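> fold the following.
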Amino acid sequence: PEINSRISNYEMAYRMQTSVPEVMDISDEPDHILRMYGKNSYTPGTYAANCLLARRLIEKDVRFVQLYHTGWDQHDNLPAQLKRQAEDVDQGTAALIMDLKQRGLLEDTLVIWGGEFGRTPMAQGNGRDHHIKGFSIWMAGGGIKGGQVWGRTDKEGREVIDQKVEIPDLNATIAFTLGLPLDEIVYSPTRRPFTLSDKGQPITQLI
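Next up is the predicted model:
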């Protein structure tokens, strides 16, 4: 069984690698789709182009796709930097959601947008400092109900005052939508035991 399992893994790796050129070749994408993702979708390596590739990977049944857009740590010159980054990501992100939906893929795909911290509501020179006590993410598809907001900060955005979500709660919610066991003990590569929920509770009202 171990040899057959190893052979199966190698064969899957081969299939994955040989499918890459086809997935990366967007010459078969119609112009109206490229326009939907924005002008940057024509330029390989841009965020918009990567959003389009994400949809193509999902069509090929890739189970996990992660997109990065770095450089959000704006301690100075925030107005100009944030405007430029919003222009980078807004259209491509919206297009990805719409594209998945029109192809019937969104209901089986959970899309999560976020970072590891927020920004303070008060200015730090011409920028903003790190804020660990109150920040937002958004989720779409995968059974998540759209058009709702969960949680609330005080009027100055300093503290969460209602429906606070800790990271374990977020992880538990993600695992719950994917049908993964929340309390089953699994092991890290270093054999550290943990559960996916880490004592968090899924926010079932969102689903």
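> need the strands for the protein, in chain order.
The residue ranges that make up the strands of the chain, judged by DSSP state E, are 110-113, 118-119, 130-131, 138-141, 152-153, 160-162, 186-187, 193-194.
> out of these, which one sits most buried?
For the strands of the chain, average neighbour numbers computed from mean count of other CB atoms under 10 Å are highest in strand 118-119, which has a mean of 20. Where C-beta positions appear, they are placed from N, C-alpha and C, glycine not excepted.
> please name the strands paired to that strand in the sheet, noting orientation.
In the sheet containing strand 118-119, its partner strands are strand 130-131 (antiparallel), by DSSP bridges.
> where does Arg35 land on pLDDT?
You'll see Arg35 listed with a pLDDT of 97.
> can you tell me how far it sits from Ala48?
11 Å (CB to CB, to the nearest Å).
> and those two? which has more neighbours close in?
Taking Arg35 and Ala48 together and counting by other CB atoms under 10 Å, Ala48 has the greater number of neighbours (24 against 13).
> what's near enough to touch Leu182?
Listed by CB atoms under 8 Å, 6 or more residues apart in numbering, the contact set of Leu182 reads 172, 175-176, 195-197, 202.
> Glu184 contacts Pro193, doesn't it?
No - in this structure, Glu184 is not within contact of Pro193 by CB atoms under 8 Å, at 10.5 Å.
> spatially central residue in the chain, please.
Ile112 (3.4 Å; CA atoms, centre = their mean).
> hang on, isn't it packed against Ser136?
No - checked against CB under 8 Å, the pair Ile112 and Ser136 is beyond contact range at 11.9 Å.
> what's the weakest-modelled helix or strand in this structure?
The helix or strand of the chain with the poorest confidence is strand 118-119; it has a mean of 88 (mean pLDDT, DSSP states H and E).
> how far does that strand sit from its chain's centre?
Its chain's average C-alpha position is 17 Å from that of strand 118-119, according to CA atoms, centre = their mean, to the nearest Å.
> now swap in stretch 81-94 and tell me
15 Å.
> grab the longest helix from the chain for me.
Across the chain, the longest stretch assigned as helix under DSSP state H is helix 78-102.
> which parts of that one are buried?
78, 81, 85, 88-89, 91-93, 95-97, 99-100 (16 or more other CB atoms under 10 Å).
> quick one: contacts of that helix?
Contacts of helix 78-102 from elsewhere in the structure, counted by CB under 8 Å, 6+ apart, are 33, 36-38, 40-41, 46-52, 54-55, 58, 69, 71-72, 74, 106, 109, 111, 113, 126-128, 140-141.
> what about 7 Å?
Residues lying outside helix 78-102 but in contact with it, judged by CB atoms under 7 Å, 6 or more residues apart in numbering, are 36-38, 41, 47-48, 51, 54-55, 58, 69, 71-72, 74, 106, 109, 111, 113, 126-128, 140-141.
> cool, and stretch 18-31?
Under CB under 7 Å, 6+ apart, the answer for stretch 18-31 is 52-53, 56-57, 60.
> quick check: end-to-end length of it?
26 Å (CA to CA, to the nearest Å).
> if we can go back for a sec, need the contacts of Leu182 in a markdown table (columns: distance to Phe117).
Putting the contacts of Leu182 into a markdown table (distance: CB to CB, whole Å) gives the following:
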| residue | distance to Phe117 |
| --- | --- |
| Ala172 | 20 |
| Ala175 | 22 |
| Phe176 | 24 |
| Thr195 | 24 |
| Leu196 | 22 |
| Ser197 | 22 |
| Pro202 | 23 |
